[in-house]
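J.: sequence? don't have it. structure:
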């Protein structure tokens with residue numbers, strides 16, 4: 001088990017009705033608020049009106065930035081920074097899922113950026129940032145875990161780049177599972193796949209003796225696989241939605257990786273290229289990639305067989321004495337699970353062909369980034385994994 005240092009400064013209000021803490025969470029920073037959100041789902045659900053009533057009742061001055069895309073764009077960051085500077089914003093309030101919160105993190109840092117090119121800031125970012133506007137969020141989608149961590153991912157569709165960097169932790173996150181009742185079945189399934197991927201990226205590590213981390217990881221995976229199908233059938237099932245929301249926060253918090261050797265998060269590196277070139281739903285791309293990546297590395301390096309057999313036993317509930325057969329069966333069971341949630345499981349279903357695979361692999365493995373992955377990957381390896389997803 002390796003040494004580790006971790007600090008999570010976010011104050012998290014979890015549960016029904018926790019929006020009662022919104023005014024006090026904002027008021028400590030000032031009265032000028034930038035409200036960020038996406039395509040209007042918070043208006044359809046009534047959450048927008050609830051938030052605006054609270055803000056008006058406590059004397060806040062609100063500037064709005066709406067229309068943040070599911071894969072947030074640098075253009076939204078640029079507009080947000082402009083609004084913050086023009087309106088002397090004291091605090092950002094992000095209401096939405098990972099895309100809205102990620103975009104708001106970058107706006108918060110960009111506010112103090114002295115250069116003219118905010119994309120250049122993203123490329124060079126080596127955070128967490130030392131200075132940023134404070135950020136409060138109200139979470140409406142269980143998926144990315146951005147409500148409880150510092151990274152954010154921003155896309156530049158002009159250059160086909162999607163880059164993840166460390167920015168800031170939210171100061172306060174309000175996580176009320178009832179705000180996820182209206183999330184569609186597709187987004188629920190895709191978000192759940194994203195949660196699971198955050199666990200997989202750390203669980204499949206060369207460190208074998210971090211028992212607590214492994215136990216937490218396996219519990220989160222089982223929880224998602226139990227509660228996602230319930231939420232799909234019963235969208236307003238509070239227990240299922242609450243467990244998924246809690247799983248989301250913990251999965252990407254770093255807690256399930258305490259004491260473990262880093263892996264480079266290869267599936268995320270590969271999926272970011274799919275999203276950058278084709279603007280697909282992040283969790284869907286991860287669900288398609290993950291079983292194919294697993295099969296590829298298992299064939300490339302049989303020394304990982306024991307870890308996959310452990311996954312098959314402890315997560316997928318399989319049994320058997322032949323680790324090789326068990327490892328393969330566990331991957332098959334995972335793919336079947338993803339398919340059962342209604343997610344497309346091939347790139348062909350998304351209209352994606354081979355035309356960009358080589359340049360995508362080059363981006364994903366920039367500077368031989370994945371040479372230190374759980375099983376090291378070359379550009380040629382990544383192209384083969386993409387092909388297996390067709």
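T.: Nice, thanks for sending it over. The structure displayed is predicted, hence computed values, not measured ones. Residues are numbered from 1 along each chain as shown.
J.: same for the helix or strand containing residue 335, what does it pack against?
T.: Taking DSSP states H and E as the criterion, residue 335 maps to helix 323-340. Helix 323-340 is packed against helix 282-300, helix 305-314, with contacts defined by 3 or more Cβ pairs under 8 Å, 6 or more residues apart in numbering; DSSP states H and E. (C-beta placed from N, C-alpha, C; glycine too.)
J.: Return the set of buried residues in the first one.
T.: Residues 282-298 are the ones in helix 282-300 that count as buried (16 or more other Cβ atoms under 10 Å).
J.: any idea of the mean pLDDT for that helix?
T.: Average pLDDT, helix 282-300: 98.
J.: Quick one: distance of that helix to the chain centre.
T.: 17 Å (Cα atoms, centre = their mean, to the nearest Å).
J.: try the last one
T.: Mean-position distance between helix 305-314 and its chain equals 24 Å (Cα atoms, centre = their mean).
J.: elements contacting it?
T.: Partner elements for helix 305-314 (3+ Cβ pairs under 8 Å, 6+ apart): helix 282-300, helix 323-340.
J.: As JSON lines, these with distance to residue 170 would be great.
T.: Below are the helices and strands packed on helix 305-314 laid out as JSON lines (distance: least, Cβ to Cβ, whole Å):
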{"stretch": "helix 282-300", "distance to residue 170": "19"}
{"stretch": "helix 323-340", "distance to residue 170": "29"}
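J.: Of all those helices, which one comes closest to residue 197?
T.: Nearest to residue 197, of all the helices and strands packed on helix 305-314, is helix 282-300, at 4.2 Å by Cβ to Cβ.
J.: The closest one vs helix 305-314, what angle?
T.: If you take axes from the mean of the first three to the mean of the last three Cα atoms, to 10 degrees, helix 282-300 sits at 130 degrees to helix 305-314.
J.: can you map out the strands along the stretch 51-200 of the chain?
T.: Ranges of strands in the stretch 51-200 of the chain, per DSSP state E, counting those that start in this stretch, are 61-65, 91-96, 135-139, 151-156, 161-166, 172-175.
J.: Quick one: the ones you listed as JSON lines, columns for mean neighbour count and mean pLDDT too.
T.: What follows is these, written out as JSON lines (neighbours: other Cβ atoms under 10 Å; pLDDT from 0 to 100):
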{"stretch": "strand 61-65", "mean neighbour count": "16", "mean pLDDT": "98"}
{"stretch": "strand 91-96", "mean neighbour count": "27", "mean pLDDT": "98"}
{"stretch": "strand 135-139", "mean neighbour count": "27", "mean pLDDT": "98"}
{"stretch": "strand 151-156", "mean neighbour count": "23", "mean pLDDT": "97"}
{"stretch": "strand 161-166", "mean neighbour count": "19", "mean pLDDT": "96"}
{"stretch": "strand 172-175", "mean neighbour count": "24", "mean pLDDT": "98"}
